[in-house]
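[1] I'll drop the sequence and a predicted model, then ask my questions.
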Amino acid sequence: MRPRRTLPWCRTHVRPHRRLSILLLLILGLAAGVPTPTQAESTTRTVPLSASWSAVVYTGPDVAAATVAADLGADVLTVWDAVAQEYDTFYPALPAALNSLQTIASGTVVLLQLPAAGSWTMDVLPVSPVMTVQAGWNLLPWAPATALSAADAVAPLGSRL
Amino acid sequence: MTLTQVDPLDALWVSVGAGPPIPWAQVARGGGTTEPDTATSTASEAAQAVVYIESEGVGGVSCGSGVVVSPTQVLTATHVVDDATTITLRFDDGSIKSGHVTGINTPIDLAVVTVAGGVPTTLTPLPWAQTDRVSVGSDLWIWGFPQCWDLNNLFVAVNPTLSQGIVSALQTDAGGSVLLQTDAALNPGNCGGPWLTPDGVVVGLTSWGLTDSEGLGFAYSLVDHQTVMDALLASDTPVVTADPVAVTVSDMSFVASTAAFCDQSRPLGPSHNLRASDLGLCLVATYDMAAGTELRLFWTLDGTALCDETGVVTASDIRGETLWYCDPPALHSGTYALTIQHNGQTVGSYSQYITRG
């Protein structure tokens, strides 16, 4: 066996009592005001919907498509499946087994058709700014809280765009 | 209509050409050439994604660094977590969470830890390099928790430390893996911490370096190992510590020596990557295992840890006598013990009282 000459940087083993003191320091530190995780405030937003088709970034918790369709009176809900490169759809009038869209996940872009203008009020959960772009077409939200030029926004995708 | 600007929660149709999926880290800043002030700002902002990792395993407790790369995943070095039975992560917001390894690649020292309940939603994952390899001379910002234990004893909830350097060389190891070399100051605890370009893109993680040297730190180049990265990040199944390969350790005997190579018939030199001063204890063993098997060796003297080594069994070492070395600070009489592990499981052990003259 040829030894690999690695730095011993990350193998700092400590005796239990030393670790205990570290934990105590952490506990004391937390008690002294070190930031602790907090629950994000729950807020809502209301998105206006057109008669006919609208595209909406859904920011609430995962929800059944049937619930959304019923609440909004939508004729059809559609989500683009970038992996399969096809739409998943939910038609309220169809039997459940025939609908390919069952759940609307948080952060998903929903295309929905309404018979009349309306609005959609939903919770606002953070949308992850890291998403996976599949080869082909993708329908994705712009997650950051600030606007950006379109060119700069898609620059990280490089020459594949 | 021409799209010139994207606004928060706009829905975008994006089309990309054929190829593997691309992680898209949306950041509200401009692309292209980065001015120095912007680079400094970007490097500073990246600190929020740096994670302190405490790993408890058979060999004890160790600490290291990692970086948030998705809403649920932290990328780190394999050797920070490879024998972990418990992994604790502390995030920038002060929250402490547990995690488990869902992807591991020992040859290029990369591992993915999936965080129970996901990383704090206030943290922005950092993108990793997928298009361009950094060139020699490029600036690097390196985050980590150097001397984590000592700083933990000095301070409360230690903040990550930023080191600056350049890509001082590109190297290729015997397995064909491409490594970045840096002159940045790195210390114990940096391992697993991200190496960033001025644009805030992770190009590698602190992996290893040469002992008794300064400014010789290495990281495997992520852009050169995209297939591995894709596989690691795609896995959401906890890595189950596999049954050890068939390892039989027997006929071991210590040869205490500090002045000469254990096997006097073999000369010292570069081929062994050893110097006379490295030699502390020699162990002769016969064993049966597959080439490429990585073993960890823990040496103790009277119950106190002496050394922690990792070695890869090469084809020529599959069976027969071999040398495992240890370089303790001072040798004296006592009970020397060696524990051999594979994938976190003990596959062999030996101890012997040795009298030092």
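    That came through fine.
[2] Would you map the helices across chain A?
    With helices called from DSSP state H, chain A shows them at A:16-31, A:65-72, A:150-153.
[3] hmm, the second one touching chain B?
    No: residues of helix A:65-72 are not located near chain B by Cβ under 8 Å from any Cβ of the partner chain, the shortest gap being 16.0 Å. C-beta: built from backbone N, CA, C; applies to glycine.
[4] Make sure I have this right: B:Val223 is in a helix.
    Yes: assessed by DSSP: H, G, I helix; E, B strand; the rest coil, B:Val223 belongs to a helix.
[5] quick one, what contacts the nearest residue to B:Pro21 once chain neighbours are set aside?
    Computed as Cβ to Cβ, 6 or more residues apart in numbering or on different chains, the closest residue to B:Pro21 that is not its neighbour in sequence is A:Thr132, at 4.8 Å. For A:Thr132, the contact set (Cβ atoms under 8 Å, 6 or more residues apart in numbering or on different chains) comprises B:Pro21, B:Ile22, B:Pro23, B:Trp24.
[6] helix/strand/coil for the third one?
    What it means is B:Pro23. strand.
[7] Just give me the lowest mean pLDDT stretch among the helices of chain A.
    Of all those, the minimum mean pLDDT falls on helix A:16-31 (a mean of 27).
[8] Tell me what the residue nearest to B:Pro21 is bridged to.
    Residues in a beta bridge with A:Thr132, per DSSP bridges, are B:Pro23.
[9] one step back: any chance of the contacts of A:Thr132 in a markdown table, with neighbour count and distance to B:Val14 too?
    Listed next are the contacts of A:Thr132 as a markdown table, based on neighbours: other Cβ atoms under 10 Å in any protein chain shown; distance: Cβ to Cβ, whole Å:
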| residue | neighbour count | distance to B:Val14 |
| --- | --- | --- |
| B:Pro21 | 17 | 12 |
| B:Ile22 | 22 | 10 |
| B:Pro23 | 19 | 13 |
| B:Trp24 | 21 | 8 |
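[10] could I get these as CSV with distance to B:Asp224?
    Shown next, in CSV, are the contacts of A:Thr132 (distance: Cβ to Cβ, whole Å):
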residue, distance to B:Asp224
B:Pro21, 18
B:Ile22, 17
B:Pro23, 17
B:Trp24, 21
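[11] What is the nearest of these to B:Gln147?
    Nearest to B:Gln147 among the contacts of A:Thr132, counting by Cβ to Cβ, is B:Pro23 at 31.9 Å.
[12] Now for the closest one: which residues touch it?
    A:Val130, A:Met131, A:Thr132, A:Val133, B:Val69, B:Ser70, B:Pro127, B:Trp128, B:Gln130, B:Leu233.
[13] And the furthest pair within these?
    Among the contacts of B:Pro23, A:Val133 and B:Val69 lie farthest apart (Cβ to Cβ), at 15.3 Å.
[14] secondary structure element for B:Ile104?
    According to DSSP states H and E, B:Ile104 maps onto strand B:96-105.
[15] typo on my end, B:Leu232
    Per DSSP H and E: helix B:226-234 holds B:Leu232.
[16] mind listing what's buried in that helix?
    Across helix B:226-234, burial judged by 16 or more other Cβ atoms under 10 Å in any protein chain shown covers B:Val228, B:Met229, B:Leu232, B:Leu233.
[17] cool, stretch B:3-17 as well?
    For stretch B:3-17, burial by neighbour count (16+ other Cβ under 10 Å) applies to B:Val6, B:Leu9, B:Asp10, B:Ala11, B:Leu12, B:Val14, B:Val16.
[18] how about those residues, which pair is most distant?
    B:Leu9 and B:Val16 (21.4 Å).
[19] Next up, phi/psi of B:Ser94, please.
    Wrong residue type there; residue B:94 is Gly, not Ser. When read as degrees, to the nearest 10, the backbone of B:Gly94 gives phi 90, psi -10.
[20] now it: how far from B:Thr161?
    Between B:Gly94 and B:Thr161 the computed distance is 17 Å (Cβ to Cβ, to the nearest Å).
[21] Those two: which has the busier surroundings?
    Using other Cβ atoms under 10 Å in any protein chain shown as the criterion, B:Gly94 and B:Thr161 rank with B:Thr161 on top: 22 against 16.
[22] Contact partners for that one?
    Contact analysis of B:Thr161 by Cβ under 8 Å, 6+ apart lists B:Trp143, B:Gly144, B:Phe145, B:Pro146.
[23] Same check on A:Trp53?
    A:Leu111, A:Leu112, A:Gln113.
[24] Touching, the first one and A:Asp88? I think so.
    No: under the criterion of Cβ atoms under 8 Å, A:Leu111 is not in contact with A:Asp88, lying 10.4 Å apart.
[25] Need the overlap of contacts for those two.
    A:Thr78, A:Val79, A:Trp80.
[26] which one is the second one nearest to, not counting chain neighbours?
    In other words, A:Val79. A:Asp88 (4.9 Å).
[27] Tell me the predicted confidence for that neighbour.
    pLDDT at A:Asp88 comes out at 93.
[28] What is the end-to-end distance of stretch A:114-130?
    Taking Cα to Cα, to the nearest Å as the measure, stretch A:114-130 stretches 31 Å from start to finish.
[29] in it, what counts as buried?
    A:Leu114, A:Gly118, A:Trp120, A:Met122, A:Leu125, A:Pro126, A:Val127, A:Ser128, A:Pro129, A:Val130.
[30] List just the nearest of the buried residues of stretch B:3-17 to B:Ser44.
    B:Val6 (24.6 Å).
[31] Compute the distance between the closest one and chain A, please.
    Counting by Cβ to the nearest Cβ, to the nearest Å, the gap from B:Val6 to chain A is 4 Å.
[32] so that residue sits right up against A:Ala147, yeah?
    Yes: counting by Cβ under 8 Å, A:Ala147 is a contact partner of B:Val6 at 6.4 Å.
[33] mind listing what B:Gly303 touches?
    By Cβ under 8 Å, 6+ apart, the residues touching B:Gly303 are B:Thr335, B:Ala337.
[34] what separates it from chain A, distance-wise?
    10 Å.
[35] out of the buried residues of helix B:226-234, who's nearest chain A?
    B:Leu233 (9.2 Å; Cβ to the nearest Cβ).
[36] Pull the contacting residues for the closest one.
    The neighbourhood of B:Leu233, defined by Cβ under 8 Å, 6+ apart, consists of B:Pro23, B:Val69, B:Ser70, B:Gln73, B:Gly103, B:Val112.
[37] go again using 7 Å as the cut-off
    B:Leu233 is in contact with B:Ser70, B:Gln73, B:Gly103, B:Val112, counting by Cβ atoms under 7 Å, 6 or more residues apart in numbering or on different chains.
[38] Neighbour count and distance to chain A for these - can I get that in a markdown table?
    A markdown table is the format used below for those (neighbours: other Cβ atoms under 10 Å in any protein chain shown; distance: Cβ to the nearest Cβ, whole Å):
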| residue | neighbour count | distance to chain A |
| --- | --- | --- |
| B:Ser70 | 21 | 6 |
| B:Gln73 | 24 | 10 |
| B:Gly103 | 23 | 16 |
| B:Val112 | 29 | 14 |
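[39] All set now, cheers.
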